[in-house]
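Participant: can you look at this prediction? I've put the sequence above it.
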Amino acid sequence: MDLHNDNEQLVETLFRNGTLTVVGIVLSFSLGFLAQWGANPLPWRLWNAPPVLALAIGIVIQFRALWLLLKIDSLKPHIFEKANRAFFVGAAITGAGVFLAILVDLAELAIHGQPAVH
């Protein structure tokens, strides 16, 4: 693999490493949220599936971004940008899953007068 293409200036290693750190931290928070939610001893209901699905999809996409950034090719601007886009999409979907989980909890509270069961 030739990283030194004369037509393409490489991404600074420190900049890429900073991005890699951010992706790792956000991914660990996402996994932590999913693990904490999954460890709740109360039973899950069918309406808990959409938030969990959004969380899982978002986390998988974040892992894809991490994988792209860990490769030496990520010093190429087009690979680096691809990883950044994947991370943003994954984080947005994960965030949507968190907000959806909150909405499900609020809806169940409004309907049944008790907290949602996860």
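Facilitator: The structure has been received and is ready for your questions.

Participant: low-confidence stretches in the protein?
Facilitator: 1-6, 42, 114-118 (pLDDT under 70).

Participant: hey, which helix is longest across it?
Facilitator: helix 77-112 (DSSP state H).

Participant: off-centre distance for it?
Facilitator: 7 Å (Cα atoms, centre = their mean, to the nearest Å).

Participant: what is it packed up against?
Facilitator: Packing partners of helix 77-112 (3 or more Cβ pairs under 8 Å, 6 or more residues apart in numbering; DSSP states H and E): helix 13-38, helix 49-70. C-betas here are computed from N, CA, C, even on glycine.

Participant: out of those helices, which is closest to Phe80?
Facilitator: Nearest to Phe80 among those is helix 13-38 (6.3 Å), distances taken as Cβ to Cβ.

Participant: packing partners for that closest one?
Facilitator: helix 49-70, helix 77-112.

Participant: residues of it that come out buried?
Facilitator: Arg16, Thr19, Leu20, Val23, Val26, Leu27, Ser30, Phe33, Leu34, Trp37 (16 or more other Cβ atoms under 10 Å).

Participant: state the distance from the second one to Gly32.
Facilitator: Yep, that's Thr19 we're talking about. 20 Å (Cβ to Cβ, to the nearest Å).

Participant: what about Phe80, how many neighbours?
Facilitator: Residues near Phe80, counting by other Cβ atoms under 10 Å, number 20.

Participant: pretty sure it is touching Ser74, no?
Facilitator: Yes. Using Cβ atoms under 8 Å, Phe80 is in contact with Ser74, at 5.3 Å.

Participant: what touches both of the two?
Facilitator: Common contacts of Phe80 and Ser74 (Cβ atoms under 8 Å, 6 or more residues apart in numbering): Val11, Arg16.

Participant: Phe87: neighbouring residues, count only.
Facilitator: For Phe87, using other Cβ under 10 Å, the count is 24.

Participant: what residues are up against it?
Facilitator: Phe87 neighbours (Cβ under 8 Å, 6+ apart): Thr19, Val23, Val26, Ile61, Gln62, Ala65, Leu66.
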